[in-house]
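>>> This is the structure alone, sequence omitted:
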């Protein structure tokens, strides 16, 4: 197992695995097949990759038509174009009709780095989460991304899979399977619950290590399935720890932090501190620099944790 | 059906359209009436391979109403073809009805895709045409667009893709009634020349009088039978509100229901 690998690296090769297994997967791409890695499906099965060119609206519509003829259709492009630019197509054509289309763009979040704020999509989880019929998966690493793509393929109806460009540390063992609607407790603790997703899982685990050195016991939960959210696992943890920190490479509005805030407010009011983009756009810089600049790193989670505990 | 029977069926469909929109108290009669002859030719003229008793038959041709606001034309056609009772058309737009304001494929048999947000049907139809080719099917995909709808950029993304992929199992019909909500399409923001545009995008283009049954039938048949590596576009010249004297050529009847008095007049115009 490599130490670091991008979640997007799982995309094309998992589609090939599914095709090899006889599953009717196809991909519709908008000129980014090399970047998203859907090219791998096209290399192995040329007839199953449909490149529409730089035409994201058509990409979603073509995927819908392929789904309507019995295919499991995955879309590509970058998260900023693959969700925001085609929101109406995803809403009215895919989700309204509950079609078997998987919106699975890559290059989400600030980890895109130097491309800058125009390309750093930090609102996509919110946009996808609010849509009826849509499920939202945010895998933490390469192995989780493979599992998430398989899970999406095997779940009828629309699924959003959020992947990134940057190489990120491997948290899970290769071959792991993930279940729809489940969150996973990666580390048990008693003082605070850290609910994270995507690249923030590694940061949360680092934060838990740092907190342990300071005598604070943090429980780390991977809420890779932001919708449907595993309320049971999260509430059981909060019942034990009494406070929560959420962490996501996304706006604190409407994403995982928003979802957990809604859950706690209705079911189990408890102190909550959200780590994420604080209603701002990103900017050019290297991944690690941006994680510090926007206070998304382990250090930020440690500070948030202390604030949450102080409010208990 | 022979030509006279088809003309009679188109009139029945126009009567259904007027009645259901009047009963609903809202809806889009103008662009439904303009498309009635095209819909009749497709479903009753032997053009579209379909079976109302087996709506999911894999061997069927597909029809997508891209101009989803013309739902009354689709519903009247499907009901007359036996997909559901004609009486049910009077539930249009009402709570718990399967006949939603715009077509919902999850609710009503015979509706192939949910539409209503303009500009998307041609992409969906292209994807279907790809899927059918991938599976070795020789079925044809038809879609009906509005001429105003051709102002949507996505239509041209799809036009480029369909020609690039050589989707000769795809037929796009443009209901060219020249009117949109805000007035004449040439005045609002002209999409012309639609013929030259589709030709430039690599499509085989046909034109016909879209309210002349014989012309519509022969053009649809020719477009369907030609498998020459290019998608087909039919620019069908129509009259908005066709068949109802006071609605013909009036943009104001795009999205408005007739009142009781106007309904009587409309049905009289249609000989009902």
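Now that the structure is in, tell me what you want to look at. Bear in mind the structure is a predicted one, so any value in this text is a computation, not a measurement.

>>> Would you state the predicted confidence (pLDDT) at the closest residue to chain A within the stretch 151-272 of chain B?
Residue of the stretch 151-272 of chain B nearest chain A, by C-beta to the nearest C-beta: residue B:157 (3.7 Å). Backbone N, C-alpha and C define where each C-beta goes, glycine included. Looking at residue B:157, its pLDDT reads 98.

>>> Would you map the helices across the stretch 151-272 of chain B?
For the stretch 151-272 of chain B, the helices defined by DSSP state H, counting those that start in this stretch cover B:153-164, B:185-189, B:194-200, B:213-225, B:260-269.

>>> starting at the chain centroid, how far to the last one?
Helix B:260-269 has its C-alpha centroid displaced from the chain centroid by 24 Å (C-alpha atoms, centre = their mean, to the nearest Å).

>>> again, but for the second one
For helix B:185-189, the gap between its own C-alpha mean and the chain's C-alpha mean amounts to 21 Å (C-alpha atoms, centre = their mean).

>>> Remind me what it packs against, helices and strands.
Where contact means 3 or more C-beta pairs under 8 Å, 6 or more residues apart in numbering or on different chains; DSSP states H and E, helix B:185-189 is not packed against any helix or strand.

>>> helices or strands up against the helix ranked longest in chain B?
Counting by DSSP state H, the longest helix found in chain B is helix B:3-24. Counting contacts by 3+ C-beta pairs under 8 Å, 6+ apart, helix B:3-24 packs against helix B:30-34, helix B:36-44, helix B:71-80, helix B:213-225, helix B:260-269.

>>> Up against chain B, what does chain A have?
A:26, A:28, A:47-48, A:50, A:52-53, A:55, A:57-58, A:60-71, A:73, A:88-89, A:91-93, A:96-98 (C-beta under 8 Å from any C-beta of the partner chain).

>>> Mind giving me the ChimeraX select for the residues you listed, buried ones only?
To isolate the buried members of the residues of chain A next to chain B in ChimeraX, using 16 or more other C-beta atoms under 10 Å in any protein chain shown:
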select /A:26,28,48,50,52,55,57,58,60,61,62,63,64,65,66,67,68,69,71,73,89,91,92,93,96,97,98
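
>>> pLDDT score for the residue lying farthest from the centre of chain A?
Centroid-distance maximum for chain A: residue A:215 at 30.7 Å, with C-alpha atoms, centre = their mean. In the prediction, the pLDDT value recorded for residue A:215 is 98.

>>> Where does pLDDT dip in the chain?
By default, I'm working from chain A. In the predicted model, chain A carries pLDDT under 70 at residues A:1-2.

>>> actually chain B
For chain B (pLDDT under 70), the answer is none.

>>> Is residue A:22 in a helix, a strand, or coil?
coil (DSSP: H, G, I helix; E, B strand; the rest coil).

>>> List the residues that contact it.
Contact analysis of residue A:22 by C-beta atoms under 8 Å, 6 or more residues apart in numbering or on different chains lists nothing.

>>> do the one 4 residues further on as well
Applying C-beta under 8 Å, 6+ apart, we find residue A:26 in contact with A:48, A:49, A:50, A:63, A:66, A:71, A:72, A:73, A:74, B:131, B:134.

>>> Identify the residue spatially nearest to the first one, adjacent ones excluded.
If I follow you right, that is residue A:48. residue A:26 (4.7 Å; C-beta to C-beta, 6 or more residues apart in numbering or on different chains).

>>> you'd agree that neighbour is in a strand?
Yes - applying three-state DSSP, one finds residue A:26 inside a strand.

>>> Beta-bridge partners for it, please?
residue A:73 (DSSP bridges).

>>> Give me whichever of the helices of the stretch 151-272 of chain B is most buried.
helix B:153-164 (a mean of 23; mean count of other C-beta atoms under 10 Å in any protein chain shown).

>>> what sits up against that one?
So helix B:153-164 is contacted by A:52-53, A:55, A:57-58, A:61-62, A:89, B:119-120, B:122-123, B:125-126, B:129, B:145, B:149, B:170, B:172, B:197-198, B:201-203, B:230-231 (C-beta under 8 Å, 6+ apart).

>>> ok so, going back, which one, of the helices and strands packed on helix B:3-24, ends up nearest to residue A:202?
helix B:71-80 (50.3 Å; C-beta to C-beta).

>>> What's the first helix or strand after that closest one?
Per DSSP states H and E, the first helix or strand lying C-terminal to helix B:71-80 is helix B:121-134.

>>> Does that next one pack against any helices or strands, and if so which?
Partner elements for helix B:121-134 (3+ C-beta pairs under 8 Å, 6+ apart): strand A:25-29, helix A:56-68, strand B:62-65, strand B:141-146, helix B:153-164, strand B:170-176.

>>> As a markdown table, these with distance to residue B:81 would be great.
As requested, the helices and strands packed on helix B:121-134 are arranged in a markdown table below (distance: least, C-beta to C-beta, whole Å):
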| stretch | distance to residue B:81 |
| --- | --- |
| strand A:25-29 | 31 |
| helix A:56-68 | 20 |
| strand B:62-65 | 11 |
| strand B:141-146 | 14 |
| helix B:153-164 | 27 |
| strand B:170-176 | 18 |
